[in-house]
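Q: only geometry, no sequence info:
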């Protein structure tokens with residue numbers, strides 16, 4: 001018997017095969033039923049499990065959130081420049097040279113040429129800039145300039161206010177106030193080199209009352225008259241008064257003759273030890289001759 005005949009007789013077929021006449025055919029595999037997609041719905045919550053608005057906002061998906069637009073509130077910087085000094089006030093003695101360090105700074109994309117100038121100083125004061133014209137740009141935002149000032153010897157000792165002006169190619173100029181204090185040069189104390197003494201009258205009567213004027217002259221190493229010195233006078237015969245300073249390098253005193261005839265020597269001596277002398281002749285007082 002064939003396999004098919006046997007299957008017919010038994011009334012059964014092997015799993016997965018269909019008996020048709022004398023052939024055994026495979027059965028089609030069973031197909032799963034396709035169900036339509038179903039939307040998942042949230043389960044109802046109890047009263048104590050209710051979602052608050054804040055919690056609901058936290059559970060929003062990124063697609064449901066609104067896009068936030070951030071606006072830059074930083075104010076725009078207008079193109080401009082600033083001028084400043086490292087030290088706005090300086091002190092110098094007459095005849096000295098000094099300098100001010102000035103910085104010019106641009107911002108906001110300022111790009112122009114700038115011209116510097118000075119005003120307010122006396123005409124005899126000489127000034128100059130290391131760079132009288134500077135250029136600022138987005139690539140060069142800072143420029144440093146030195147202002148050189150020469151103080152003349154005859155300048156009055158006091159404080160001077162003056163101004164540095166910085167003028168752009170277009171737009172308003174800006175000013176920088178500065179101060180200069182001039183101090184008088186301390187004069188060196190003069191040194192007496194030579195001393196001379198002269199008497200208005202070199203011959204006096206030795207009567208204890210006759211007088212003459214003494215003049216003392218002081219000179220320094222350059223033979224310039226020296227005032228403001230202390231001069232001491234001494235006499236071996238007679239007396240001398242206190243010395244008076246006339247302010248022009250000369251000094252005066254009065255000599256009074258003694259009562260003894262002879263030669264009187266008057267010595268003048270300065271504080272630094274310089275001396276000079278003058279001699280005076282004192283003659284005997286004439287005696288009255290009585291006649292009978």
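A: Right, received. Where do you want to start? Computed from a predicted structure; not experimentally measured. Residues are numbered from 1 along each chain as shown.

Q: do you know the pLDDT at the residue nearest in space to the middle of the chain?
A: Within the chain, the residue whose C-alpha comes closest to the C-alpha centroid is residue 87; the distance, by C-alpha atoms, centre = their mean, is 1.8 Å. Residue 87 carries a pLDDT value of 96.

Q: can I assume it is in contact with residue 101?
A: Yes: with contact defined as C-beta atoms under 8 Å, residue 87 counts as touching residue 101 (7.3 Å). All C-beta atoms are positioned from the backbone trio N, CA, C, and that covers glycine.

Q: where does pLDDT dip in the stretch 151-292 of the chain?
A: 288-292 (pLDDT under 70).

Q: one more time with 80
A: 185-189, 286-292 (pLDDT under 80).

Q: can you give me the strands in it?
A: Applying DSSP state E, counting those that start in this stretch to the stretch 151-292 of the chain gives strands spanning 159-168, 174-183, 194-199, 203-205, 211-219, 231-235, 239-240, 244-245, 250-256, 262-270, 275-283.

Q: so which of those comes closest to residue 111?
A: Set against residue 111 and scored by C-beta to C-beta, those come closest in strand 159-168, at 10.0 Å.

Q: so which elements touch the closest one?
A: Contacts of strand 159-168 with other secondary structure elements, assessed using 3 or more C-beta pairs under 8 Å, 6 or more residues apart in numbering; DSSP states H and E, are made with strand 80-85, strand 97-107, strand 112-119, strand 174-183.

Q: buried residues, the second one. List them.
A: By 16 or more other C-beta atoms under 10 Å, the buried positions in strand 97-107 come out as 100, 102, 104, 106.

Q: orientation of that strand relative to strand 80-85 in degrees?
A: With axes from the mean of the first three to the mean of the last three C-alpha atoms, to 10 degrees defining the directions, strand 97-107 sits at 160 degrees from strand 80-85.

Q: isn't residue 104 up against residue 141?
A: No: here residue 104 lies out of contact with residue 141, judged by C-beta under 8 Å, at a distance of 9.5 Å.

Q: ok, back up a step: now mean neighbour count and distance to residue 94 too, for the strands of the stretch 151-292 of the chain, in CSV please.
A: What follows is the strands of the stretch 151-292 of the chain, written out as CSV (neighbours: other C-beta atoms under 10 Å; distance: least, C-beta to C-beta, whole Å):
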stretch, mean neighbour count, distance to residue 94
strand 159-168, 16, 12
strand 174-183, 16, 6
strand 194-199, 17, 30
strand 203-205, 17, 50
strand 211-219, 19, 26
strand 231-235, 18, 31
strand 239-240, 16, 41
strand 244-245, 14, 27
strand 250-256, 19, 29
strand 262-270, 18, 30
strand 275-283, 17, 36
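
Q: wait, which of those is closest to residue 113?
A: In this view, the strands of the stretch 151-292 of the chain are compared for proximity to residue 113 by C-beta to C-beta, and strand 159-168 is the closest at 7.3 Å.

Q: one step back: of the strands of the stretch 151-292 of the chain, which approaches residue 91 most closely?
A: strand 174-183 (4.4 Å).

Q: and the closest one, which strands flank it?
A: Strand 174-183 pairs in its sheet with strand 89-93 (parallel), strand 159-168 (antiparallel), by DSSP bridges.

Q: redo those strands as JSON lines? Include distance to residue 183.
A: Compiled in JSON lines, the strands paired with strand 174-183 are given as follows (distance: least, C-beta to C-beta, whole Å):
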{"stretch": "strand 89-93", "distance to residue 183": "5"}
{"stretch": "strand 159-168", "distance to residue 183": "10"}
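
Q: if anything else comes up later, I'll come back, but that's it for now.
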